[in-house]
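1. how would this look folded up:
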Amino acid sequence: MPPMLPATREGEPSLKDVLPSCLAAVQGEKNRLGLPAVSKTVVILVDGLGASALRQRTGHARFLASRFSKKATLVSGFPTTTATALASLTTGASPGEHGLVGYSALVPASNRVANQLTGWASDMQPAVWQRRSTMFERAGEFGIHAAVIGPRRYESSGFTEAVLRGARYVPADSIAERFDAARSVLDAHARSLSYVYVPELDMTAHAEGWQSDRWTHLLEELDSAVQSFVRTVRTDEGVLLTADHGVLDVPQTSQVLFGDDPSQMAGVTHVAGEPRCVQLHLDAGLTDDARRAVLDAWRRTEGDRAWVLTRDEAIDAGWFGLVDDDVRPRIGDIIVAAAKNIVYYDARKINDPARRMVGQHGSWSSDELVVPLLRFGAFAR
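-> Presented below is the predicted three-dimensional model:
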């Protein structure tokens with residue numbers, strides 16, 4: 001039996017509320033998260049730290065756990081992947097509005113699939129491809145200093161320009177150095193909006209799984225660093241800690257290979273998305289009957305363990321929020337979103353290194369979708 005469609009949880013506080021609420025707090029205005037007025041804010045984004053994983057490792061993160069509860073959570077948004085989630089975080093917009101609709105997506109103008117984190121080229125101009133102004137740009141309009149603090153390797157990427165434009169990038173490679181840099185920004189400006197990016201847990205989850213010893217050790221390191229930083233926070237400074245998505249550990253025995261069934265691949269020109277949310281693009285010349293045949297073929301084999309929707313069905317269900325007309329063709333004609341603890345890989349890719357990944361995300365499970373929202377400093381009062 002096909003799984004029931006997931007609830008989008010659109011009415012709940014979400015990741016796209018975080019930076020708009022922080023900016024409003026610096027301006028002394030009401031906001032979606034109910035944050036009090038402050039002079040300076042810091043948002044700590046821990047890539048891959050799902051609420052479920054934190055709940056299961058509270059003994060290794062006692063300081064974070066002291067502020068964590070069932071109510072201290074947010075909904076990330078769909079698909080639960082970094083490129084999409086960070087764009088929603090920094091713009092306050094839905095994927096259908098800002099345009100980053102997956103880990104990889106079709107670039108219609110050049111008819112290629114591009115990695116949205118690393119595949120930027122001349123056909124993806126950051127200021128055009130990401131279609132909304134950022135909260136950092138808006139902060140600058142009000143004379144509020146905006147800073148992004150993250151690893152040096154991300155300083156000049158196309159993705160950084162697309163989703164972090166308007167902020168001064170402060171490179172800092174270790175977790176401790178990033179919090180030192182955040183303290184320096186707070187000290188240097190009367191009003192500021194800062195964002196601290198911590199990618200280490202997600203990287204380790206992909207390589208070894210979030211249940212690995214290495215992931216737990218990094219959580220302990222993060223917990224200590226946040227505690228040390230929060231001790232320095234003053235009465236007019238508010239700090240939030242959240243994440244872009246959670247992670248599921250998926251064994252190799254749960255990898256589903258596709259690509260060798262002609263009925264599933266007839267007319268498929270591009271495979272985009274990610275292993276837990278495959279987006280299939282079909283030849284524009286296919287007849288309606290041929291498109292239906294491909295859809296039916298996927299539903300026959302995968303309909304009991306994945307949500308298999310057409311683009312229009314997914315948009316109508318609210319999966320991508322409001323969708324601008326220019327963004328629609330970036331979304332796959334058919335979306336296969338894993339409903340069980342599985343991942344999909346294209347068997348035609350020989351020696352695909354992605355198949356070595358343990359930690360996975362991209363679909364609708366609560367482990368992927370629900371992230372913490374922890375409040376410190378003035379925001380904790």
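2. avg pLDDT for stretch 139-149?
-> For stretch 139-149, mean pLDDT rounds to 98.
3. do the same with stretch 339-354
-> Taken as a whole, stretch 339-354 has an average pLDDT of 96.
4. gap between it and the chain center?
-> Centre-to-centre, stretch 339-354 and its host chain are 20 Å apart (Cα atoms, centre = their mean, to the nearest Å).
5. list the buried ones in that stretch?
-> Within stretch 339-354, the residues that count as buried by 16 or more other Cβ atoms under 10 Å are 339, 342-346. In short, each C-beta sits where N, CA and C put it, glycine included.
6. also stretch 172-184?
-> Buried, per 16+ other Cβ under 10 Å, within stretch 172-184: 172, 175, 178-183.
7. ok, now stretch 104-115?
-> By neighbour count on 16+ other Cβ under 10 Å, the buried set for stretch 104-115 is 104-107, 113-114.
8. for it, report the contacting residues that lie outside it.
-> 103, 116, 119-121, 123-124, 269-274, 279, 281, 329-332 (Cβ atoms under 8 Å, 6 or more residues apart in numbering).
9. give me that answer again for 7 Å
-> Residues outside stretch 104-115 that contact it (Cβ atoms under 7 Å, 6 or more residues apart in numbering) are 103, 116, 123-124, 270, 272-274, 281, 329-330.
10. looking at those, which are in helices?
-> Under the assignment DSSP state H, the contacts of stretch 104-115 contribute nothing to helices.
11. for the residues you listed, pick the one with the most neighbours.
-> Taking other Cβ atoms under 10 Å as the neighbour criterion, residue 116 ranks highest of the contacts of stretch 104-115 with 30 neighbours.
12. can you pick out the most distant pair from the contacts of stretch 104-115?
-> Greatest spacing in the contacts of stretch 104-115, by Cβ to Cβ: 123 and 274 (20.8 Å).
13. end-to-end on stretch 365-373?
-> 18 Å (Cα to Cα, to the nearest Å).
14. in it, what's buried?
-> Going by 16+ other Cβ under 10 Å, stretch 365-373 has these buried residues: 365, 367-373.
15. stretch 120-134 now?
-> 120, 124, 126, 129-134.
16. now swap in stretch 322-340 and tell me
-> So stretch 322-340, judged by 16+ other Cβ under 10 Å, has buried residues 323-324, 327, 329-339.
17. where strands are concerned, which of those residues count?
-> 334-338 (DSSP state E).
18. which one of the residues you listed is nearest residue 80?
-> Minimum distance to residue 80 across these is 9.8 Å, recorded for residue 337 (Cβ to Cβ).
19. isn't the closest one right next to residue 361, touching?
-> No. Taking contacts as Cβ atoms under 7 Å, residue 337 lies outside contact range of residue 361: 11.5 Å.
20. what about the residue lying closest to residue 132 once chain neighbours are set aside, distance to residue 129?
-> In space, and not counting its chain neighbours, residue 132 is closest to residue 91: 4.1 Å by Cβ to Cβ, 6 or more residues apart in numbering. Distance, residue 91 to residue 129, using Cβ to Cβ, to the nearest Å: 12 Å.
21. now residue 243
-> 24 Å.
22. just residue 258 next, same as before
-> To residue 129, residue 258 is 28 Å away according to Cβ to Cβ.
23. now, the most widely separated pair of the buried residues of stretch 120-134?
-> 120 and 133 (18.9 Å).
24. and stretch 288-298, how far from the chain's centre?
-> Counting by Cα atoms, centre = their mean, stretch 288-298 is centred 30 Å from the centre of its parent chain.
25. convert the C-alpha atoms of that stretch to CSV, please.
-> What follows is stretch 288-298 as a C-alpha-only set of coordinates in CSV (Å, rounded to 0.1, in the frame of the first residue of the first chain):
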residue,chain,number,x,y,z
ASP,A,288,1.3,12.2,-21.9
ASP,A,289,0.7,8.4,-22.2
ALA,A,290,4.5,7.8,-22.2
ARG,A,291,5.0,10.0,-19.2
ARG,A,292,2.2,8.2,-17.3
ALA,A,293,3.8,4.8,-18.2
VAL,A,294,7.1,5.9,-16.6
LEU,A,295,5.3,7.2,-13.5
ASP,A,296,3.3,3.9,-13.2
ALA,A,297,6.5,1.9,-13.6
TRP,A,298,8.1,3.6,-10.6
